[in-house]
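> Sharing a sequence plus its predicted fold:
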Amino acid sequence: MKWVSAAQAATAVQALGGQPRIVVSGNHATPVAMVTALDTGVPEFRLWALNAQSQMPDRDGITLETCFVGRGMRRSSRLRYIPARLSLVPVLFRERLRPDVVVVHASRVVDGKVSLGAEVNVLPAAIEQCRAAGGLLIAQVNRHMPYTLGDGEYPVDDFDYLVEADEPLVDLGPPVIDEVSASIGERVAQRIPDGATLQLGIGAVPDAALPGAAKHRELKIWSEMVSDGVLTLLAEGALDTDAPVVASFVFGSQRLYDWVDRNPAVRLLRTETTNDPAHISARPQMVSVNAALQVDLFGQANASRIGSRIYSGFGGQTDFVVGALHSPGGQALIAMRSWHPKADASTIVPLVDEPVTSFQHSAVVTEHGVASIAGYSQEEQALNLIDHAAHPDVRDELYEEAVAMSLVRPGSA
């Protein structure tokens with residue numbers, strides 16, 4: 001272990017030669033100082049990050065790689081998207097995408113250790129595979145990064161280089177919940193029983209379920225990620241205080257980061273644990289709430305692509321849908337608007353043209369109602385989606401398409 005500047009660490013990476021694969025902390029935990037130094041000091045490399053935000057460099061010589069596309073890579077011509085469930089990314093690191101360098105955005109040093117802070121996720125797997133291959137491990141140490149407990153704690157001696165670079169974290173603030181999102185969220189909340197375990201995906205619609213969910217008691221959290229909504233549940237006395245909040249990464253406001261810092265009630269675990277369908281299914285009354293771009297009349301959800309362009313990826317949605325459906329009393333819910341305002345189009349479609357992200361959920365929830373899916377015939381599923389989830393302006397058209405596809409019988413509407 002050696003304390004160096006960001007430029008010196010980049011020089012060590014350059015000395016590896018070739019086009020090294022560099023895995024960095026993703027989401028809103030990008031180690032900006034180190035990424036900037038790598039951009040300046042290393043002519044060619046592959047940059048791998050989950051849900052990369054706007055701080056990603058994009059130039060000739062850099063190949064951007066990910067299994068979940070964020071806005072920092074979404075429109076790049078240099079993007080190399082690798083489709084994979086999030087729970088299987090560690091397998092890819094072992095078998096096909098072994099890192100040559102891992103750069104993490106770490107907390108301050110506490111008792112000879114640092115924490116991966118807000119972003120544990122797939123990083124422990126990347127660290128292990130990089131170490132096994134004799135690669136470089138670099139930690140950007142930042143006093144603003146919370147020290148989170150769980151699988152992201154490492155002795156400083158595990159790293160080849162430590163770089164001190166204090167950067168305030170992105171303060172996202174509380175999500176803006178509009179009237180439509182609030183309506184959907186209230187319908188979702190009505191399906192959450194006391195004692196349930198919650199997983200909430202990314203987006204305003206899943207977040208909108210939390211105010212209503214706060215009316216329940218003894219709730220637990222087992223999720224891929226958590227944001228400020230967990231503080232609402234805590235303040236309202238909805239959480240089971242005997243059960244730790246479990247996730248693999250967090251992002252939100254500074255208030256959230258302050259709360260998770262050294263908090264024994266929060267455990268950030270590696271993705272292989274949080275997203276393992278077997279672990280998820282072991283939680284009774286598991287309620288998984290995720291968003292989608294489209295759902296078709298066969299109950300298939302597209303949450304990944306807009307036309308032929310990759311928008312995000314599988315993420316953890318498939319992992320949690322499968323796990324929740326196998327949980328005793330569990331539910332896998334898709335919560336979304338019935339109408340896409342930017343595209344000016346229905347989100348309930350006859351048949352998705354893009355690759356399917358997940359399918360056969362418990363129910364689809366929109367501002368117009370709840371369409372039950374699991375356990376119903378294909379005709380009943382289609383009619384439920386048309387009558388209870390679709391926007392009224394397109395119901396007749398959807399019914400005609402369903403008849404044309406022999407999905408429903410004429411006159412069954």
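Sure thing, it's come through.
> For the rest of this, base every contact and every neighbour count on C-alpha atoms.
Fine.
> And this structure, what are its domain boundaries?
The record's domain parsing of the chain by automatic domain parsing lists 2-164, 179-404.
> can you tell which of these is closest to residue 171?
Residue 171 lies closest to domain 179-404 among the domains of the chain, at 4.5 Å (CA to CA).
> Compute the first-to-last residue distance for that closest one.
End-to-end distance for domain 179-404: 35 Å, by CA to CA, to the nearest Å.
> Low-confidence bits of the protein, can you list those?
Scanning the chain for pLDDT under 70 picks out the ranges 413.
> for it, what spans make up the helices?
With DSSP state H as the criterion, the chain has helices at 6-14, 32-41, 89-95, 123-132, 179-190, 204-213, 229-235, 254-260, 271-274, 277-281, 317-326, 378-384, 395-404.
> Can you say which of the ones you listed is packed in most?
Mean neighbour count, computed with mean count of other CA atoms under 10 Å, is highest for helix 317-326 among the helices of the chain, reaching a mean of 26.
> Show me what that one is packed up against.
Judged by 3 or more CA pairs under 8 Å, 6 or more residues apart in numbering; DSSP states H and E, the packing partners of helix 317-326 are helix 277-281, strand 286-290, strand 331-335, strand 358-359.
> that older thread, mind giving me a markdown table with the domains of the chain and columns for distance to residue 173?
Formatted as a markdown table, these follow (distance: least, CA to CA, whole Å):
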| stretch | distance to residue 173 |
| --- | --- |
| domain 2-164 | 13 |
| domain 179-404 | 5 |
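> so what's the residue lying closest to residue 79 once chain neighbours are set aside up against?
Once flanking residues are discounted, residue 79 sits nearest to residue 64: 4.7 Å by CA to CA, 6 or more residues apart in numbering. Applying CA atoms under 8 Å, 6 or more residues apart in numbering, we find residue 64 in contact with 46-48, 58, 73, 78-80.
> Also residue 3?
161-164 are the contacts of residue 3 under CA under 8 Å, 6+ apart.
> For residue 73, see how far away residue 79 is.
Distance from residue 79 to residue 73, by CA to CA: 6 Å.
> What about the residue lying closest to residue 316 once chain neighbours are set aside, how many residues nearby?
Using CA to CA, 6+ apart and skipping residues adjacent in sequence, the residue nearest residue 316 is residue 86, 5.2 Å away. Neighbour count for residue 86, taken as other CA atoms under 10 Å: 25.
> Would you agree residue 86 is in contact with residue 51?
No: the pair residue 86 / residue 51 is not scored as a contact, 11.4 Å apart, by CA atoms under 8 Å.
> re earlier: in terms of neighbours, single out the busier of residue 79 and residue 73.
Per other CA under 10 Å, whichever of residue 79 and residue 73 has more neighbours is residue 73, with 28 against 20.
> show me the contacts for that one.
Each residue near residue 73 by CA under 8 Å, 6+ apart is listed here: 52-54, 56, 64, 79.
> Likewise for residue 24?
Counting by CA under 8 Å, 6+ apart, residue 24 touches 30-31, 47-49, 102-105.
> 7 Å instead, please
For residue 24, the contacting residues are 30, 48-49, 102-104, by CA atoms under 7 Å, 6 or more residues apart in numbering.
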